[in-house]
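A.B. asks: sequence first, then the predicted structure:
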Amino acid sequence: MTKKDNKISRKITFLLFSILFLVGLFTFKDYGISVDEEFQRASGFYWLNYVLSFTSFENFKSSVAEISSQIKGFTLSPPAIYNYYGVVFDLPVAFLEVAFQIEEPKNYFYFRHLLGFFLFFIASIYFYKLLLNRFSNYYVSLIGVLFFILSPRIYGSSFFNNKDIVFLSLLTIALYYCFKALEKPNFKNFLIFSVFAALGTSLRVFGIFFPVFFIIFYLLSFLSNNKNLNNLFNLILFFIFFFVFLIIFWPFLWSNPFENFVFALQQFSDHPLKTKMLFFGEYIDSNFLPYHYIFTWIFISTPILYIILFLVGYIQIFKRFFSRFINITDTKYYYDLWRGVNEKKDLFILFSITSAIFYLIAFNANLYNGWRQIYFLNIFIIYISIVAFYQIDIYFKRKFRKNFHYYVTIFFLFSVVYKMIVYHPFQNIYFNNYFKKISHLNFEIDYYGLSGKKFLKEILTLEKNKNVIKIGVASWLPLERSIKLLDKKEGKRIKIIGGNFKNADYLYTNFISEVDKNSDDKYEIPDNFTKIDEFILNNITVYQVFKKNN
């Protein structure tokens, strides 16, 4: 690339990130509250209270204790029971909530949304730097970061999913420093990588695979490059620092690091919460998922171009690895599985996503609601898709000296942007429309319950002269939490009465159920209610509203 091209691409990149930041800044209040956010907030205060017990900040401690006692009504058991969840995001946010004296419910939830998005924004910058470091091509890296940002479900979830997207964001940053450590295995790179690897693992224990894979790859390099033995001491220090930082960032480990860490690993593999999920029209147990569950959800909820490029890139990297593997001999100059550090990075990504999916399927990991708990796989999906795009870029420029592939890709990305605008603020329920049987009858749609905010605002407008509106909920959703995003005056007019249908003025359902609705009538709408409204997005019904007959 010429200096002029580099200058232009840098300006485009700066403009892109500026637009992303401004869009997030002006829209973060559009999103509803998810079913998990109340628990996460409580978990942050639970552990903040624990950390403060080692200090003498009495006034601060009393404020934290008071707020903790006011947070009630969880889908899960209280944080004292599920105390092994990581709080690397929730604890600092709880501290800031008290420090900034944020007392209005909607304000502290919107504050969480803003901080979650900001972390995703930072991760996007790191992903761009990671791609630029790998491909040394501004335009290819720019396409890659656009894929990363314009992953509708990931982007939408960045505002309210403070577990899975925070984990994805931390792993993205960790991967950047992992690549730096693979390039230059010095103490500085090892130390920084150990910090972010520990941060990610402290949030979700599955993050342990990152440092483990790194150590495996580093040990493999010893087979072909003996000078790497000089850095063995740094590798040992990395291992030590990783666990030191992990204990620091994860208060659950403070009392008994080894035993509690093993316990957290066991909980990930066999989570005690078991429920049923709608998949292809049937209700399946979350701990007995079919082998194609992960593949199906990724395929139907990811833009199709990303999937096609990923498959091409995966085959390319695997073929190259296989070729290297079968041609290893003592007599050849190269005695390893890669040629140079870039191939090593590609193989690391291939090994990571393959091993992660194999583990999840082989050990029948307990997953919920699509693939939200493994959104971090999107890092690898996008990376591998850009490997394919990079090879296409080289081929077109060598063969035709044209940029046709860029025009096609940008046109496709504009279509994704359009879809994201249409879905706003429900990008988290995006489907790519190439699977024709998507509906609330065969897949879970609004499992986060974000539509509750929209419904409550509309029912308040509809019944603007009524003092108290009694609403029953014909689904497994704590709708009362969405009231916290309303103004206090409006919230007082809403009374959520759950399954007490006979006393309800209206019934709301977003079709989410923890029981098999095909055989259990727990959420069946009574005959004396008539459907008066439904929210349909991109031909998919998100929720329905029923009114009691006069």
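C.D. replies: Happy to help now that I have it.
A.B. asks: all helices for the stretch 351-500 of the chain, in order.
C.D. replies: Taking DSSP state H, counting those that start in this stretch as the criterion, the stretch 351-500 of the chain carries its helices at 377-399, 404-423, 451-462, 488-491.
A.B. asks: where's the last one relative to the chain centroid, distance-wise?
C.D. replies: It stands for helix 488-491. 32 Å (CA atoms, centre = their mean, to the nearest Å).
A.B. asks: can I get it in CSV? Just the C-alpha atoms.
C.D. replies: Provided in CSV are the C-alpha atoms of helix 488-491 (Å, rounded to 0.1, in the frame of the first residue of the first chain):
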residue,chain,number,x,y,z
LYS,A,488,-41.4,6.5,38.9
LYS,A,489,-44.8,8.1,38.3
GLU,A,490,-45.5,5.7,35.3
GLY,A,491,-44.2,2.7,37.2
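A.B. asks: what residues does that helix touch?
C.D. replies: Glu104, Leu460, Ile483, Lys484 (CB atoms under 8 Å, 6 or more residues apart in numbering). For every residue, glycine as well, the C-beta is placed using N, CA and C.
A.B. asks: spatially central residue for this protein, please.
C.D. replies: Ile165 (2.9 Å; CA atoms, centre = their mean).
A.B. asks: just checking, it touches Arg153?
C.D. replies: No. The pair Ile165 / Arg153 is not scored as a contact, 9.8 Å apart, by CB atoms under 8 Å.
A.B. asks: which neighbours do these two share?
C.D. replies: Counting by CB under 8 Å, 6+ apart, the residues touching both Ile165 and Arg153 are Tyr375.
A.B. asks: just the strands in the protein please.
C.D. replies: Assignment of strands within the chain using DSSP state E yields the ranges 276-279, 282-285, 469-473, 494-498, 506-509, 529-537, 540-548.
A.B. asks: same for the third one, what does it pack against?
C.D. replies: What it means is strand 469-473. Applying 3 or more CB pairs under 8 Å, 6 or more residues apart in numbering; DSSP states H and E, one finds that strand 469-473 contacts helix 451-462, strand 494-498, strand 506-509.
A.B. asks: tell me which of these sits nearest to Asp346.
C.D. replies: Among these, helix 451-462 comes nearest to Asp346, with 40.6 Å by CB to CB.
A.B. asks: in the closest one, which residues are buried?
C.D. replies: By neighbour count on 16 or more other CB atoms under 10 Å, the buried set for helix 451-462 is Ser451, Gly452, Lys453, Lys454, Phe455, Leu456, Ile459, Leu460.
A.B. asks: check contacts around the fourth one.
C.D. replies: Remark: with contacts taken as CB under 8 Å, 6+ apart, Lys454 is in contact with Gly32, Phe535.
A.B. asks: ditto for the fifth one
C.D. replies: Applying CB under 8 Å, 6+ apart to Phe455 gives the contacts Leu479, Ser482, Tyr508, Phe535, Tyr543, Val545.
A.B. asks: could I get the residues you listed as CSV with pLDDT, neighbour count and distance to Ser352?
C.D. replies: Output for the contacts of Phe455, formatted as CSV (pLDDT from 0 to 100; neighbours: other CB atoms under 10 Å; distance: CB to CB, whole Å):
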residue, pLDDT, neighbour count, distance to Ser352
Leu479, 94, 22, 39
Ser482, 95, 25, 37
Tyr508, 98, 24, 42
Phe535, 97, 17, 38
Tyr543, 97, 24, 38
Val545, 98, 20, 45
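A.B. asks: all helices of the stretch 201-350 of the chain, in order?
C.D. replies: 209-221, 232-249, 257-269, 293-300, 304-326, 341-362.
A.B. asks: burial count for the closest residue to Phe217 other than its chain neighbours?
C.D. replies: Leaving out its chain neighbours, the residue that sits closest to Phe217 by CB to CB, 6 or more residues apart in numbering is Phe348, at 5.5 Å. Other residues within reach of Phe348, judged by other CB atoms under 10 Å, total 21.
A.B. asks: Gln40 now?
C.D. replies: 22.
A.B. asks: test my guess that it contacts Asp164.
C.D. replies: No. Counting by CB under 8 Å, Gln40 does not reach Asp164; the two are 11.2 Å apart.
A.B. asks: what sits closest to Tyr447 if chain neighbours are left out?
C.D. replies: Asn369 (4.2 Å).
A.B. asks: quick check: longest helix of the protein.
C.D. replies: helix 105-135 (DSSP state H).
A.B. asks: give me the buried positions along that one.
C.D. replies: Neighbour-count burial for helix 105-135 [16+ other CB under 10 Å]: 105-106, 108-113, 115-121, 123-135.
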